[in-house]
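> Below is the structure, and that's it, no one-letter string:
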């Protein structure tokens, strides 16, 4: 088992400090392939996600991971997580906390991508308010568009559990989870 590194970041959310916990793991790209099952996980996208067939970065429009990553023998995985209980006021604390760390992870990955490799996003592309696909057009900013682990067909929950010893928690109408989590990666030469 590979050992992940841990760290934390202090950020501001609505003028209040928020601690984001970080786990980072370096692997050979082929070591993550056992978590890849696009036939199974893209079916979940098809049956439950409004972005399916609506974005260039979502199934069935993303390339096979093995082709996308073929020039990158290494991968660094990044897990960001935080407690929604740090959000001081308002409803939907879990959703606010999740969106906050997802954007923080996206920003972090975009910054290090410039020098370290090729980003695999933490979520579906949100660069345009309406994806060109829906308008019958090609992506208008393909140099910034990035796919995500789920769209490729990875079992992100199992990646969290097996590689980061981190259980994914879900919010419900009546319960705020102890933490919310987001995962992204950088493919490296």
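Here it is on my side, so go on. Fair warning: this is a prediction, and the values are worked out from it, not measured in the lab.

> Any idea which helix or strand in this protein has the lowest mean pLDDT?
Ranking every helix and strand in the chain by mean pLDDT, DSSP states H and E puts helix 38-48 at the bottom, with a mean of 84.

> For residue 32, which residues are in contact?
Neighbour list for residue 32: 75, 77, 154, 159 [criterion: Cβ atoms under 8 Å, 6 or more residues apart in numbering]. The way it works is simple: take the backbone N, C-alpha and C, and place the C-beta from them, glycine included.

> ChimeraX command to pick out the buried ones of the residues you listed?
To isolate the buried ones among these in ChimeraX, judged by 16 or more other Cβ atoms under 10 Å, type:
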select :75,77,154,159
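
> center of this protein, which residue is that?
residue 122 (1.8 Å; Cα atoms, centre = their mean).

> coming back round to it: now, the contacts of residue 32 that are in strands?
Judged by DSSP state E, those include 75, 77 as members of strands.

> before we move on, the earlier item: helices or strands next to the least confident helix or strand of the chain in the packing?
helix 149-152 (3 or more Cβ pairs under 8 Å, 6 or more residues apart in numbering; DSSP states H and E).

> tell me the average confidence for the helix it packs on?
On average, the pLDDT along helix 149-152 is 94.

> Packing partners of it?
Partner elements for helix 149-152 (3+ Cβ pairs under 8 Å, 6+ apart): helix 38-48, helix 156-164, strand 180-188.

> and residue 104, which of these is closest to it?
Across the helices and strands packed on helix 149-152, residue 104 has its closest neighbour in strand 180-188 (8.4 Å, Cβ to Cβ).

> Which strands border the closest one, and is each parallel or antiparallel?
As defined by DSSP bridges, the strand partners of strand 180-188 come to strand 74-82 (antiparallel), strand 118-120 (antiparallel).

> re the thing from before, which of the helices and strands packed on helix 149-152 is buried the deepest?
Highest mean neighbour count of the helices and strands packed on helix 149-152: strand 180-188, a mean of 23 (counted as mean count of other Cβ atoms under 10 Å).

> what is the orientation angle of it with helix 156-164?
Going by axes from the mean of the first three to the mean of the last three Cα atoms, to 10 degrees, strand 180-188 is angled at 70 degrees with respect to helix 156-164.
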